[in-house]
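sequence-free structure coming up:
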C-alpha cells in the first residue's frame, strides 16, 4: 500500500499482484472489496477485470485490457457500459493477423512460423483462432506454442530450436510483457526473427512490434479512475478504444543479429530504433 498525503490531497493506494497466477485473482479482488476501496483499477488484462467484476456489483471498476470487452461479458455496450464497470482496450486481438503478415515477411518462404500464446488468458483464444484462419488461407505453416509461466517460455524456445522454426509471433499478454527481458534474450540467443504484441518488448531489444499503445491505455485508465473518485459514474463513461496502431522496428537489434528487414517493411515503420 502507498499513502500519498500533501497539501490538497489525501489518498491511499492499495496494490495487489497475483504474480502471474490467475487463480489468485478472485481472492485478491474480494480482499479489495472488503477493504471498501473507492474504485478498483484492474489493469493487467481480461482475467483481472473478470475477477474484479465477479467480486462486486457496487464498487466501481476500471479495466485496461488487450481484447474485446464485450465477448467475455465485461460490458454489454461500449458507449454506455452500464453497471459498475468501464475502461480501456488497446485491442491487440484486432491486429493479430497484421502481425502474422509482418512475421511472414521476415521469414523464409515456406518456413514454419510459431505463435506464442498464454492459454490462461481468454483473449489469446480469439487471437489464436484469427491467426490460424489467416495462416490456413495463405497456406502458411503455423505452430502454436503455449506458455503460462516463465519456465514454459524456456520450453517453448526449446521446441522452436528443435523444430527449426523460421520466425516467431508473440501475442500481447501480461506474462510476456513482464517477462520481456527473458523473451528478448531468448530471441537473440536463437537469432530468431520475432514480432511482438507490445512496443515495450521492442524497446527492450526485441526486433519489432505492432500495437496500439499500452502506455496510453494505462494513462486513460488512470484518468477514468481519478474521475470516478471525484464522483463520476462508470456506467456513464464509454469504453475507450485505440485510434492508431504503431509499427516499431529495432534496427540496432536487426544489425546485431544479422537479420535483414525487408525494405517494404522498413518503409511502413512508424518508428525506428537505431
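Received it, and whenever you're ready, just let me know what you need. Here the structure is a predicted model, which means the values were calculated and not measured.

mind listing what residue 104 touches?
The contact partners of residue 104, taken as Cβ atoms under 8 Å, 6 or more residues apart in numbering, are 113, 138, 140, 167. No exception for glycine: its C-beta is placed from N, CA and C like everyone else's.

now the two most distant members of the residues you listed.
Maximum pairwise distance among those (Cβ to Cβ): 13.9 Å, between 138 and 167.

the two: who's more crowded?
residue 167 (23 against 13; other Cβ atoms under 10 Å).

surely the more buried one meets residue 115?
No. Using Cβ atoms under 8 Å, residue 167 makes no contact with residue 115, being 10.1 Å away.

okay, the contacts of residue 104 in a markdown table with pLDDT next?
Output for those, formatted as a markdown table (pLDDT from 0 to 100):
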| residue | pLDDT |
| --- | --- |
| 113 | 98 |
| 138 | 95 |
| 140 | 97 |
| 167 | 97 |
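
can you tell me which of the residues you listed end up in strands?
Taking DSSP state E, the ones among those that sit in strands are 113, 167.

just name the closest of the contacts of residue 104 to residue 128, please.
Within the contacts of residue 104, proximity to residue 128 (Cβ to Cβ) peaks at residue 113, which comes in at 12.8 Å.

my guess is the closest one contacts residue 164, does it?
No. Using Cβ under 8 Å, residue 113 and residue 164 do not qualify as a contacting pair, with a distance of 11.9 Å.

looking at the two, which is more packed in?
Shown here are residue 113 and residue 164; by other Cβ under 10 Å, residue 113 has more neighbours (22 against 8).

residues contacting the more buried one?
With contacts defined as Cβ under 8 Å, 6+ apart, residue 113 is in contact with 100, 103-104, 107, 135, 140-143, 165-169.

just the buried members of these?
With neighbours counted by 16 or more other Cβ atoms under 10 Å, the contacts of residue 113 contain buried members at 100, 103-104, 107, 135, 140, 142-143, 165-169.

take those and write them to a markdown table, including distance to residue 254.
Putting the buried ones among the contacts of residue 113 into a markdown table (distance: Cβ to Cβ, whole Å) gives the following:
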| residue | distance to residue 254 |
| --- | --- |
| 100 | 19 |
| 103 | 14 |
| 104 | 17 |
| 107 | 14 |
| 135 | 24 |
| 140 | 22 |
| 142 | 23 |
| 143 | 23 |
| 165 | 18 |
| 166 | 16 |
| 167 | 13 |
| 168 | 15 |
| 169 | 17 |
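
which of these lies closest to residue 11?
Proximity of those to residue 11 (Cβ to Cβ) peaks at residue 169, which lies at 40.8 Å.

what's next to the helix or strand harbouring the closest one, contact-wise?
Residue 169 belongs to strand 167-170 when elements are defined using DSSP states H and E. Here strand 167-170 makes contact (Cβ under 8 Å, 6+ apart) with 99-100, 103-104, 106-107, 111, 113-116, 131, 160, 176, 183, 187, 192-197, 201.
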